[in-house]
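Q: below are the sequence and a predicted model; questions follow.
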Amino acid sequence: MVLALCVAGCSNEPRPAGGIVTRADWQAREPNAGLSTYEQYGLTRPDYTTIVLHVTSMGHASGTAEAHRIQDFHMDQRGFADIGYNFLIDSRGTIFEGRSLDVVPSHAGRSVEADAQHDITRDPDYQSIGIAFSADTDETLSPAQVDAAKWLIRYLQARNPITRIITHTEVRQWLISRGLTPNEEFDPARCPGAGSIEQMIEIRTAVDPSFVPEDYRRLFR
Ligand SMILES: [Zn+2]
């Protein structure tokens, strides 16, 4: 299933449910046994309040082959139980369903405190939906990707109490603001990177201008 062609301005219009290529549609691999469930932490599925925007940093490509490429990389090279992102937007603006929101996401990193206390509620993935664009860090997003992202974010807002849309680069500051410590070396310029600064601002501004911090551009200098 492929998104209908979109002319300027139509990103404000609701798209049919077919606007997202489901896992069944693209024949995603089944997650492996290492998948973290909320139940194993004694939790139930939480409300998702945050969206974290990423780029794949693996070049740009499109179609189901691209969804498989990213899922295979995450599972076979990085050792993830499934694709890490909850949604992938390919270079033509097609939206692929990634990891189910019924299980623990894996895209935004971890905190020292969460690891020490085995408390996933203190990880940035907790309550965070990860959306990745097929693009390198120095690449500009395509207009189709920008339109698709605006549509997807509104779709998710209609179904989840979203209060925050940030980029992966901003996760570090977000953790620190909560008194938590990022546990990984994280290069702020790495994801989503300088190439898509203006599109990230455009996407977030279209949804809610308050979602863009004043110093966003400075994060990449
Ligand atoms: Zn990222």
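A: Here it is on my side, so go on.
Q: so which bits of the chain are right by the ion?
A: Proximity of the chain to the ion, by CB under 5 Å from the ion, involves residues 54, 168, 191. The C-beta positions use only the backbone N, C-alpha and C, and glycine is treated the same way.
Q: please tell me I have it right and the second one contacts Leu53.
A: Translated: His168. Yes: under the criterion of CB atoms under 8 Å, His168 makes contact with Leu53 at 7.0 Å.
Q: of those two, who's got more company?
A: Taking neighbours as other CB atoms under 10 Å, His168 and Leu53 compare with Leu53 leading, 27 against 22.
Q: pLDDT score assigned to the more buried one?
A: Model confidence at Leu53, given as pLDDT, is 97.
Q: report the contact partners of the residue nearest to His168 when sequence neighbours are not counted.
A: In space, His168 comes closest to Cys191 once its chain neighbours are excluded; the distance is 4.1 Å by CB to CB, 6 or more residues apart in numbering. Contact analysis of Cys191 by CB atoms under 8 Å, 6 or more residues apart in numbering lists 54-55, 57, 137, 167-169.
Q: how about Ile95?
A: Residues in contact with Ile95 (CB under 8 Å, 6+ apart) are 3, 19-21, 87-89, 148, 151-152.
Q: repeat that with 10 Å
A: By CB atoms under 10 Å, 6 or more residues apart in numbering, Ile95 lies in contact with 3, 15, 19-21, 87-89, 131, 145, 148-149, 151-152, 155.
Q: just flag the most distant two among those residues.
A: Greatest spacing in those, by CB to CB: Arg15 and Leu88 (16.6 Å).
Q: for the longest helix along the chain, name the packing helices and strands.
A: Taking DSSP state H as the criterion, the chain has its longest helix at helix 143-157. Helices and strands touching helix 143-157, by 3 or more CB pairs under 10 Å, 6 or more residues apart in numbering; DSSP states H and E, are strand 20-21, strand 50-55, strand 87-89, strand 95-97, strand 128-133, strand 164-167, helix 197-207.
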